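Visitor: Okay, predicted coordinates and the sequence, questions at the end:
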Amino acid sequence: STAGGVDRYEITQRETVGEILPGVRTPLWTYGGSFPGPTVEARRGRPTVVTHRNELPVPTVVHLHGGRTPAESDGYPTDLVLPGSWSEHRHGGGMPGMPGMADPRAVQSRVVREYTFPNEQRATMLWYHDHRMDYTAPAIWRGLAGLHLVRDDSERALELPDGEREVPLVITDRAFAADGSLAYPSLDPALRDRPGVQEPYAAGVLGDVILVNGAPWPVHEVAAVRHRLRLLNASNARHYEIEAVDQDGRTLDLVQIGADQGLLAAPVTHRRLPLAPAERYDLLVDFGAVKTGGTVRLLNRLGSGRTREVMAFRVVRQERDDSRVPAVLSTDLPQWRREEAVRVREFAFRAGRMGEGHGWLIGGRPFDPAREDVSVRLGDLEVWRLIADVHHPVHLHLVGFRILSRGGRAPLPHDAGLKDTVSLRPGEAAEIITRFDGYRGRYLFHCHNAEHEDMGMMANLEVR
Ligand code: C2O
Ligand code: CU
Ligand code: CU
């Protein structure tokens with residue numbers, strides 16, 4: 001609803017049984033009964049107030065990924081929306097180790113929770129997802145993810161393909177158990193308590209079924225015109241390398257017009273596009289040369305067998321197309337220069353070694369909500385050097401950043417624009433630059449391999 005200069009959404013988080021595979025009943029955790037959850041449509045500068053009611057059996061946390069959000073609405077991992085069934089738990093002796101659950105006065109207000117998103121940021125595709133400490137990965141896996149689109153006038157002025165010709169694609173992988181439920185190793189009682197089972201999923205949980213917008217390998221019918229495809233990799237751990245191939249084996253250009261944090265300065269054309277967890281790419285793909293009845297498959301060059309296929313577009317009609325690829329997309333990208341940075345910090349993202357405990361570490365330490373890891377001054381421009389042992393998609397809350405270098409060299413073509421997630425490749429060091437502006441408060445940075453995040457690869461970022 002729309003009133004008083006804000007847009008309001010109400011979302012009930014609840015269990016539901018969906019049909020993802022034909023004829024198979026799959027229990028899900030959802031935002032509002034669907035997976036993905038409802039898409040929030042926002043206008044730049046006009047706040048969105050989302051009221052979340054938690055009817056799931058567990059506490060949850062809502063985070064708007066890529067949002068420039070005041071800390072109290074950013075979804076800190078211990079800032080819980082308690083389950084509606086909380087009173088039963090309370091009389092049953094409470095839930096040990098759940099911070100903030102001891103005070104009954106705090107409880108009522110936290111079953112229903114209002115999050116305010118100012119949308120004071122460039123037009124782009126954000127996504128919201130669960131962020132509870134230690135349990136983010138299984139919660140997203142069960143379905144807690146949705147899109148949040150921010151629009152603005154400068155984007156509108158470009159007259160990009162819209163309506164049916166603008167297609168958000170939420171790409172995830174999932175595995176299914178024999179009973180139709182989503183199979184997740186740590187949720188499987190047969191595996192959970194067996195020693196050594198951490199091994200198979202410490203690298204992250206993968207599925208063998210690729211879902212786009214919650215459907216397995218969908219075929220989307222299109223007119224033979226240019227489309228705007230807005231890709232999100234909402235998978236827990238799977239990386240993709242996307243390629244579009246028509247029925248004759250010809251590769252279509254992927255014309256990138258935007259990154260995580262909105263439009264590029266100018267388009268960048270790719271034949272293949274790597275897509276790490278949490279990354280978004282805004283693409284123009286022209287089906288104009290495909291004849292009616294033809295098919296364009298989106299492939300994942302990193303997959304094998306069934307995971308090599310993502311989805312397909314079937315061209316079902318010819319239509320007039322006045323669209324074009326604008327030569328200039330935006331002129332407001334920050335042009336931060338290394339020489340102007342007041343500080344350089346360095347963080348190693350690596351597996352814990354013997355004697356360091358389990359899991360995944362940043363700077364040699366696993367996440368601890370009680371510890372301050374990094375304190376930055378509001379408005380400061382900083383360079384961060386991020387070093388990885390294996391693949392780690394690193395995400396900062398609150399700010400967008402630019403990628404300065406990879407492996408001591410210039411960034412790659414797909415690193416263009418403003419990002420909020422940088423995909424560090426194995427053994428690679430990358431430098432990013434950002435200005436910590438917007439809001440003061442406690443934020444986070446972490447690996448967006450969701451299992452890595454749950455196993456400690458997250459740190460506090462205090463903006464003062
Ligand atoms: Cu997509 Cu800290 O999150
Ligand atoms: Cu985020
Ligand atoms: Cu990681």
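Guide: Yep, that arrived. On a predicted model such as this, the values are computed, not experimentally measured, just so you know. Ligands and ions are numbered 1, 2, ... in the order given.
Visitor: Distance-wise, check residue 452 relative to ligand 1.
Guide: For residue 452, the distance to ligand 1 equals 12 Å [C-beta to the nearest ligand atom, to the nearest Å]. Where you see a C-beta, it was placed from the backbone N, CA and C, and this is true even at glycine.
Visitor: Now that residue: phi and psi?
Guide: The phi and psi values for residue 452, taken as degrees, to the nearest 10, are phi -60, psi -40.
Visitor: That one: neighbour count?
Guide: Residues near residue 452, counting by other C-beta atoms under 10 Å, number 30.
Visitor: residue contacts, it?
Guide: 204, 237, 360, 392, 446 (C-beta atoms under 8 Å, 6 or more residues apart in numbering).
Visitor: go with 10 Å
Guide: Applying C-beta atoms under 10 Å, 6 or more residues apart in numbering, we find residue 452 in contact with 137, 202-204, 236-237, 277, 349, 351, 359-362, 390-394, 446, 458.
Visitor: swap in residue 149?
Guide: With C-beta under 10 Å, 6+ apart, residue 149 has these contacts: 39-43, 119, 123-127, 166, 168, 230.
Visitor: Mind jotting down where the strands sit in the stretch 301-450 of the chain?
Guide: Secondary structure of the stretch 301-450 of the chain, counting by DSSP state E, counting those that start in this stretch: strands at 309-317, 343-351, 360-362, 374-376, 381-388, 392-396, 402-406, 421-424, 429-435, 441-447.
Visitor: err, the stretch 101-250 of the chain, not the other one
Guide: Going by DSSP E, counting those that start in this stretch, the stretch 101-250 of the chain shows strands at 112-117, 124-130, 145-151, 166-174, 209-212, 215-216, 219-223, 226-233, 240-246.
Visitor: returning to that earlier point: as TSV, the strands of the stretch 301-450 of the chain with mean neighbour count and distance to residue 265 would be great.
Guide: Converted to TSV, those look like this (neighbours: other C-beta atoms under 10 Å; distance: least, C-beta to C-beta, whole Å):
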stretch	mean neighbour count	distance to residue 265
strand 309-317	19	28
strand 343-351	16	25
strand 360-362	25	31
strand 374-376	17	26
strand 381-388	20	19
strand 392-396	25	21
strand 402-406	19	11
strand 421-424	24	18
strand 429-435	21	16
strand 441-447	23	25
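Visitor: okay if I get those strands as JSON lines plus distance to ligand 2?
Guide: Compiled in JSON lines, these are given as follows (distance: least, C-beta to the ion, whole Å):
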{"stretch": "strand 309-317", "distance to ligand 2": "24"}
{"stretch": "strand 343-351", "distance to ligand 2": "16"}
{"stretch": "strand 360-362", "distance to ligand 2": "15"}
{"stretch": "strand 374-376", "distance to ligand 2": "16"}
{"stretch": "strand 381-388", "distance to ligand 2": "16"}
{"stretch": "strand 392-396", "distance to ligand 2": "5"}
{"stretch": "strand 402-406", "distance to ligand 2": "17"}
{"stretch": "strand 421-424", "distance to ligand 2": "8"}
{"stretch": "strand 429-435", "distance to ligand 2": "14"}
{"stretch": "strand 441-447", "distance to ligand 2": "7"}
